[in-house]
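Asks: Sequence plus the predicted model coming up.
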Amino acid sequence: MQEKKNIAIIMGGYSSEYKISLKSGNVVFDTLDKSKYSAYRIHIFEDKWVYVNDDNEEFPIDKNDFSINVGAFKITFDCVFNAIHGSPGEDGFMQGYFDLIQIPHTSCNMYQAALTFNKRDCLSTLKPYGIKTAESFYINLGDTVNKDAIIAKVGLPCFVKANKAGSSFGITKVHKKEDLKNAIDVAFKEDDEIIIESFLDGVEVSVGVISYKGKTKVLPITEIVTDNDFFDYEAKYLGKSQEITPARLSAEQEEKVTNMAKKVYEILKMKGFSRSEYIFKNGEPHLLEINTIPGLTQESILPQQAAAAGIPLADLFDNAIEEALKQFSVNK
């Protein structure tokens with residue numbers, strides 16, 4: 001009988017998203033095939049990296065080799081399942097660390113994580129490949145804010161966003177010029193760089209793209225219909241939206257956004273999970289952003305899409321580990 005592989009499920013993180021990450025990580029822990037894997041919940045926080053057992057006892061991680069000592073036993077890991085949304089799991093730091101100490105992990109590589117986490121840089125990289133995006137205006141903390149210049153470039157309404165933050169933290173939809181200042185202040189609470197984008201009025205969709213059995217697979221598309229003014233934190237996590245899978249798109253729209261999402265994944269040389277958001281304007285999909293550690297709870301979009309594709313959660317997570325192990329052995 002094949003020996004069980006030790007899987008570290010990392011969750012938590014240093015950002016506003018840590019609670020959602022803990023939920024995602026626990027879903028992975030509960031879902032993984034226990035006959036195939038020995039799963040360990042690892043909490044990654046700024047003040048501690050610890051293994052948490054079923055009795056909620058904590059054992060510190062040795063950062064030299066990402067191991068734990070439990071009683072007389074030293075436990076090392078065959079693979080890391082990355083369920084950290086935001087920093088340091090989605091922005092390249094954990095990827096770089098695991099690459100350095102030679103442990104396979106389920107997320108994309110360090111450069112891809114850093115690039116996709118930075119909305120400005122990611123959209124700028126993709127533009128030359130014909131990927132359409134909203135009009136945008138950038139501000140760094142300390143810059144003089146010229147409201148008239150911003151409105152001349154992006155118009156009203158517009159979106160003010162933290163450049164490097166997920167789960168709709170630090171985003172405001174601005175309808176009036178006098179509301180711009182407050183929206184900019186809100187975004188600067190999350191990041192020292194912000195991006196202001198024109199409002200695209202059209203159907204919004206979320207597209208999951210994963211590495212599945214060695215190939216790039218685009219999952220069934222989800223249409224986002226929100227009760228709120230836009231798909232904000234409440235709409236995402238507090239039930240204030242409808243997520244319709246498969247999306248109500250024409251065959252032409254579906255083909256366009258499927259091809260674009262696959263193209264983006266392959267241009268960027270992605271691996272593992274990804275979920276990107278698009279809005280249709282004049283029949284053409286415009287890319288908003290890419291998440292490389294999307295939510296993995298039962299309410300989350302990517303698991304809903306996998307289910308629609310006939311991929312149960314256990315298979316989705318098992319495939320992520322298998323792909324990571326295979327990729328690691330190829331690169332060694």
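Replies: Received, thanks. Residues are numbered from 1 along each chain as shown.

Asks: quick one: the helices in this structure?
Replies: Using DSSP state H, the helices assigned to the chain run over residues 18-31, 93-100, 110-117, 119-126, 147-154, 180-188, 233-237, 251-267, 301-308, 313-331.

Asks: Give me the distance between the residue nearest to I84 when sequence neighbours are not counted and E46.
Replies: In space, and not counting its chain neighbours, I84 is closest to G13: 4.2 Å by CB to CB, 6 or more residues apart in numbering. (Glycine included, C-beta is placed from N, CA and C.) G13 is 9 Å from E46, where distance means CB to CB, to the nearest Å.

Asks: higher neighbour count, the two?
Replies: G13 (30 against 11; other CB atoms under 10 Å).

Asks: Hmm, the more buried one is touching H85, no?
Replies: Yes - G13 lies in contact with H85 (CB atoms under 8 Å); the separation is 6.5 Å.

Asks: returning to that earlier point: output the helices of the chain as JSON lines; include the columns mean pLDDT.
Replies: JSON lines is the format used below for those (pLDDT from 0 to 100):
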{"stretch": "helix 18-31", "mean pLDDT": "96"}
{"stretch": "helix 93-100", "mean pLDDT": "97"}
{"stretch": "helix 110-117", "mean pLDDT": "96"}
{"stretch": "helix 119-126", "mean pLDDT": "94"}
{"stretch": "helix 147-154", "mean pLDDT": "96"}
{"stretch": "helix 180-188", "mean pLDDT": "94"}
{"stretch": "helix 233-237", "mean pLDDT": "49"}
{"stretch": "helix 251-267", "mean pLDDT": "98"}
{"stretch": "helix 301-308", "mean pLDDT": "95"}
{"stretch": "helix 313-331", "mean pLDDT": "93"}
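
Asks: would you turn those into TSV with distance to I61?
Replies: Output for the helices of the chain, formatted as TSV (distance: least, CB to CB, whole Å):
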stretch	distance to I61
helix 18-31	15
helix 93-100	11
helix 110-117	19
helix 119-126	30
helix 147-154	44
helix 180-188	33
helix 233-237	28
helix 251-267	31
helix 301-308	27
helix 313-331	19
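
Asks: Ok, which of those helices comes nearest P285?
Replies: Of all the helices of the chain, helix 251-267 sits nearest to P285, with 4.3 Å by CB to CB.

Asks: Only the buried residues of the closest one, if you could.
Replies: Within helix 251-267, the residues that count as buried by 16 or more other CB atoms under 10 Å are Q253, E254, K256, V257, T258, M260, A261, K263, V264, Y265.

Asks: contacting residues for V145?
Replies: I139, L180, K181, I184 (CB atoms under 8 Å, 6 or more residues apart in numbering).

Asks: Which pair of those residues spans the longest distance?
Replies: Greatest spatial distance in the contacts of V145: I139 and K181, 11.5 Å, computed using CB to CB.

Asks: that older thread, can you list the contacts of V145 in JSON lines and add distance to A39?
Replies: As requested, the contacts of V145 are exported to JSON lines (distance: CB to CB, whole Å):
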{"residue": "I139", "distance to A39": "43"}
{"residue": "L180", "distance to A39": "47"}
{"residue": "K181", "distance to A39": "47"}
{"residue": "I184", "distance to A39": "43"}
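
Asks: Please pick the buried ones from the residues you listed.
Replies: If you count burial by 16+ other CB under 10 Å, the buried members of the contacts of V145 come out as I139, L180, I184.

Asks: Tell me if I'm right that the second one and P157 touch.
Replies: No - with contact defined as CB under 8 Å, L180 and P157 do not form a contacting pair (10.8 Å).

Asks: Now for the two: what residues contact both?
Replies: Common neighbours of L180 and P157 (criterion: CB under 8 Å, 6+ apart): V174.

Asks: Distance check, G96 against I267.
Replies: Distance from G96 to I267, by CB to CB: 22 Å.

Asks: Now do the spatially most central residue of the chain against I68, distance only.
Replies: For the chain, the residue nearest the mean C-alpha position is N291 (2.8 Å; CA atoms, centre = their mean). Separation of N291 from I68 (CB to CB) stands at 29 Å.
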